[in-house]
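Colleague: predicted model and sequence below, questions to follow.
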Amino acid sequence: MLKSVAVIVVPDFSVFEFGTAFEVFGIDRSDRDAGVPAFDFRVVTPEPGEVRMKSGLSLHVNLGLEAAADADLVIMAPFGRDKEVPESVLEALRAAHARGAWVMSICSGAYALARAGLLDGRRATTHWHYSQDLASRYPSVIVDENVLYVQDGTIITSAGTAAGIDACLHLVRVELGAHVAAAIARDMVVPPHRDGGQAQFIDRPMPTCGSAPMEALLRWMVEHLDEEHSVNELAARLHMSPRTFARRFRAETGTTPAAWLNSQRVLRAQELLETTELNIDEVAREAGFGHSVLLRHHFAKVLDTSPQSYRRAFRGQLAEAI
């Protein structure tokens with residue numbers, strides 16, 4: 001069960017990304033009757049004292065790296081990727097992984113994990129600005145620049161800035177269940193789980209549309225996932241021609257209406273598998289796939305697993321947490 005979290009900071013760390021980890025794990029929400037535990041949250045550094053941030057501010061850190069030795073989760077905060085990382089930090093990361101703890105990097109923190117050898121042969125991500133550089137410097141790392149985060153075993157790497165929130169909430173969801181992740185997200189006023197996309201339970205961002213009518217249509221589509229939606233019918237709702245609508249939809253969401261609906265249906269199916277006792281056929285109908293064959297097809301395509309395996313994995317992790 002996830003109880004203790006240690007964030008490693010080094011000089012020139014990024015305050016915003018550090019703040020995403022603090023917002024999820026560093027605030028005590030145990031008194032809000034939402035089932036969220038109080039995490040033992042620690043900030044650690046190789047040399048305790050004032051640690052300079054990239055912004056010019058500084059943070060006084062009392063704890064050394066030894067305080068991360070028993071943490072259930074060790075997070076590497078982002079730093080200047082051209083900066084040297086003390087060997088003691090790399091050893092702390094290796095030790096955490098060796099004893100079975102979760103290890104996470106946010107943004108350029110992935111460089112420290114790569115230098116420690118933890119990403120060799122693994123899929124990983126970082127801020128898209130740095131993805132090609134990370135792949136060039138560490139060719140044994142399989143870098144995916146198109147996703148919010150990657151979970152490979154007990155190692156999670158996230159993209160930049162707000163993607164750190166998604167990665168942290170994903171881990172809460174895995175360890176403590178969807179209800180706890182949703183409670184934290186609700187408190188932070190962010191989505192509890194942004195739309196899924198690839199294998200290893202990678203998520204892609206829910207696009208923010210530029211127009212209110214399209215935003216309203218997307219919300220309506222999510223509320224009616226169990227119905228069929230043709231381009232002609234959707235276009236009529238926005239008083240557009242089908243051709244104009246298809247072009248506008250792709251411009252504002254980055255994908256087609258059919259692909260967007262399927263991704264939302266997979267997400268809905270994930271939620272139903274986690275939180276209900278519906279059988280696979282019932283989940284398929286409720287999520288809008290109609291038949292379990294289609295549900296299995298899209299689950300395998302998007303998540304590289306079956307609905308049954310997904311339910312067992314998340315139910316098992318929840319049972320252990322409880």
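Modeller: Good, I have the coordinates.
Colleague: where does residue 51 sit: helix, strand or coil?
Modeller: Residue 51 falls in the strand class when you classify it by DSSP: H, G, I helix; E, B strand; the rest coil.
Colleague: isn't it right next to residue 9, touching?
Modeller: Yes. At 5.4 Å, residue 51 and residue 9 qualify as touching, with contact defined as Cβ atoms under 8 Å. Placement of C-beta: from N, CA and C, glycine included.
Colleague: joint contacts of the two?
Modeller: Taking Cβ atoms under 8 Å, 6 or more residues apart in numbering as the criterion, residue 51 and residue 9 both touch 45, 59, 61.
Colleague: which among these end up buried?
Modeller: Buried members of the shared contacts of residue 51 and residue 9, scored by 16 or more other Cβ atoms under 10 Å, are 45, 61.
Colleague: looking at the shared contacts of residue 51 and residue 9, spot the one nearest residue 74.
Modeller: Closest approach to residue 74 among the shared contacts of residue 51 and residue 9 (Cβ to Cβ): residue 45, at 12.8 Å.
Colleague: excluding chain neighbours, what is closest to that closest one?
Modeller: The shortest distance from residue 45 to any non-neighbouring residue, by Cβ to Cβ, 6 or more residues apart in numbering, is to residue 61 (4.5 Å).
Colleague: mind showing which ranges of this protein have poor pLDDT?
Modeller: Along the chain, segments meeting pLDDT under 70 span 191-210, 313-322.
Colleague: swap the cut-off to 80 and go again
Modeller: In the predicted model of the chain, residues 146, 191-211, 254, 303-304, 312-322 satisfy pLDDT under 80.
Colleague: before we move on, back to that, of the shared contacts of residue 51 and residue 9, which belong to strands?
Modeller: 59, 61 (DSSP state E).
Colleague: closest to residue 138 out of the shared contacts of residue 51 and residue 9?
Modeller: Proximity of those to residue 138 was ranked by Cβ to Cβ; the top entry is residue 45 with 24.0 Å.
Colleague: select the longest helix from this protein.
Modeller: For the chain, the longest helix by residue count, based on DSSP state H, is helix 257-275.
Colleague: just the CA coordinates of the helix or strand following that helix, formatted as CSV?
Modeller: Remark: after helix 257-275, the chain's next helix or strand is helix 280-287, criterion DSSP states H and E. What follows is helix 280-287 as a C-alpha-only set of coordinates in CSV (Å, rounded to 0.1, in the frame of the first residue of the first chain):
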residue,chain,number,x,y,z
ILE,A,280,-18.0,-8.1,-19.8
ASP,A,281,-21.1,-8.1,-22.1
GLU,A,282,-22.8,-5.6,-19.8
VAL,A,283,-19.7,-3.4,-19.7
ALA,A,284,-19.5,-3.5,-23.5
ARG,A,285,-23.1,-2.3,-23.8
GLU,A,286,-22.9,0.4,-21.1
ALA,A,287,-19.6,1.8,-22.6
